[in-house]
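In: can't give you the sequence, but here's the structure:
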């Protein structure tokens, strides 16, 4: 099986190395079982030479101009980048991806690599996921994508996508199971200490509001929500003194932040509750009040909608229990 990994402009090295490590390990296990290696790994790029660490220098390299048909193509995650600019820099890959897909190649993206597939148009009207914290941006940039932002892995018409960071391992397990069988997938999971029962990535989200726009009115409301969210019961309270109609302001707010004001307020409150569950031993009732809610049933419901977990399950998973390192 011809497996290629695209050396995109601004790729994340960790994502690249993880793909190589997993599939080389699968090859090694096949050899140990007296079987031939299955995956022939090649880096594919747009420049004449590759620039990679010595630990990856043994991997073959080819350019997109080479007449080679691949069976499986990986798009690694991007690092922290200006996404619009980065997609423009990588746009020369779009025709090649389309040609490979039309010839029968499976396409797979890790984390924010989904943005490249979306920008190429290959994800139009298809299910996809990405890093949970980048999902709102993907939905805004590419509304034709059937985004499943809480999904760990998606598969639609021979195109696979994965959620953030370690969700890429679940994508690779799915592909190894498809190509090598369940037994090999389990063996790989044990080798890399991967929990195979992950079905939701919502609890990994971290709300980092966009504050780099130049809409002063929107920024004013953002600052108000940030400093007064426990006392704000409705979005009308947050925008009561804004000299703009509600409809017009909601449009401006979403354009600037990617979220409606109501969703923004909710995410702010839930993020505050998450931090208290992670870092304090306060009771749930006290945390509910501190986050700005006064109805336990409503709070539990909203918390689960945003994280995929109950507050208790979230605390059990993320509360700090390690002894401090001195």
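Out: Now that the structure is in, tell me what you want to look at. Fair warning: this is a prediction, and the values are worked out from it, not measured in the lab. Numbering: from 1, shown residues only.

In: tell me the strands in the chain, going along the chain?
Out: In the chain, the segments counted as strands under DSSP state E are 2-6, 40-45, 60-63, 72-75, 106-109, 127-128, 146-147, 153-156, 159-162.

In: Serialize those to a markdown table and add fields for mean neighbour count and mean pLDDT.
Out: Placement of C-beta: from N, CA and C, glycine included. Converted to a markdown table, the strands of the chain look like this (neighbours: other C-beta atoms under 10 Å; pLDDT from 0 to 100):
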| stretch | mean neighbour count | mean pLDDT |
| --- | --- | --- |
| strand 2-6 | 22 | 97 |
| strand 40-45 | 19 | 96 |
| strand 60-63 | 15 | 95 |
| strand 72-75 | 24 | 98 |
| strand 106-109 | 26 | 98 |
| strand 127-128 | 22 | 98 |
| strand 146-147 | 18 | 96 |
| strand 153-156 | 20 | 97 |
| strand 159-162 | 27 | 98 |
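
In: now those in CSV, with distance to residue 301?
Out: As requested, the strands of the chain are arranged in CSV below (distance: least, C-beta to C-beta, whole Å):
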stretch, distance to residue 301
strand 2-6, 42
strand 40-45, 46
strand 60-63, 52
strand 72-75, 36
strand 106-109, 32
strand 127-128, 26
strand 146-147, 22
strand 153-156, 26
strand 159-162, 28
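
In: which residues does residue 163 contact?
Out: By C-beta atoms under 8 Å, 6 or more residues apart in numbering, the contact set of residue 163 is 111, 129-132, 151-153, 201, 204.

In: where does the chain have low pLDDT?
Out: By pLDDT under 70, the low-scoring segments of the chain are 320-326.

In: residue contacts, the residue most central in space within it?
Out: Here the mean C-alpha position of the chain is nearest to the C-alpha of residue 131 (C-alpha atoms, centre = their mean), at a distance of 1.0 Å. For residue 131, the contacting residues are 77, 111-112, 163-165, by C-beta under 8 Å, 6+ apart.

In: Which one (most neighbours) among those?
Out: Using other C-beta atoms under 10 Å as the neighbour criterion, residue 163 leads the contacts of residue 131 with 30 neighbours.

In: And that one, its phi and psi?
Out: Here is the backbone geometry of residue 163 (degrees, to the nearest 10): phi -80, psi -160.

In: The nearest residue to it once chain neighbours are set aside: neighbour count?
Out: Among residues not flanking residue 163 along the chain, residue 201 sits closest, at 4.1 Å (C-beta to C-beta, 6 or more residues apart in numbering). By the criterion of other C-beta under 10 Å, residue 201 has 26 neighbours.

In: One more: residue 23?
Out: Using other C-beta under 10 Å, residue 23 is surrounded by 25 other residues.

In: Give the full set of residues in contact with the spatially closest residue to it that is not a sequence neighbour.
Out: In space, and not counting its chain neighbours, residue 23 is closest to residue 39: 4.6 Å by C-beta to C-beta, 6+ apart. Neighbour list for residue 39: 1, 3, 23-24, 26-27, 179 [criterion: C-beta under 8 Å, 6+ apart].

In: What's the ChimeraX line that selects buried ones from those residues?
Out: Per 16 or more other C-beta atoms under 10 Å, the buried members of those correspond to this ChimeraX selection:
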select :3,23,26,27,179
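
In: Name the nearest of the contacts of residue 39 relative to residue 138.
Out: Within the set of the contacts of residue 39, residue 3 lies nearest residue 138; the separation is 25.2 Å, counting by C-beta to C-beta.

In: Bridged to the closest one, which residues?
Out: Following DSSP bridges, residue 3 is listed with bridge partners residue 41, residue 72.

In: and the gap between it and residue 108?
Out: Distance of residue 3 to residue 108, given as C-beta to C-beta, to the nearest Å: 10 Å.

In: With residue 190 instead?
Out: Applying C-beta to C-beta, the value for residue 190 to residue 108 is 22 Å.

In: just residue 261 next, same as before
Out: Distance of residue 261 to residue 108, given as C-beta to C-beta: 37 Å.

In: Residue 306 now?
Out: Counting by C-beta to C-beta, the gap between residue 306 and residue 108 amounts to 28 Å.

In: Please apply the same query to residue 2.
Out: Look at residue 2 and residue 108: by C-beta to C-beta, they are 14 Å apart.

In: and for the two, which residues touch both?
Out: Going by C-beta under 8 Å, 6+ apart, residues that sit against residue 2 and also against residue 108 are residue 72.

In: Now do the shared contacts for residue 3 and residue 108.
Out: Residues touching both residue 3 and residue 108 (C-beta under 8 Å, 6+ apart): 72-74.

In: Let's have these in CSV, adding distance to residue 186.
Out: Below are the shared contacts of residue 3 and residue 108 laid out as CSV (distance: C-beta to C-beta, whole Å):
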residue, distance to residue 186
72, 20
73, 25
74, 22
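
In: just to revisit the earlier point, closest one to residue 221 out of the contacts of residue 163, please.
Out: Of all the contacts of residue 163, residue 132 has the smallest distance to residue 221: 24.4 Å, by C-beta to C-beta.

In: neighbours around that closest one, how many?
Out: Residues lying near residue 132 (other C-beta under 10 Å) number 25.

In: again with residue 32
Out: Counted with other C-beta under 10 Å, residue 32 comes out at 8.
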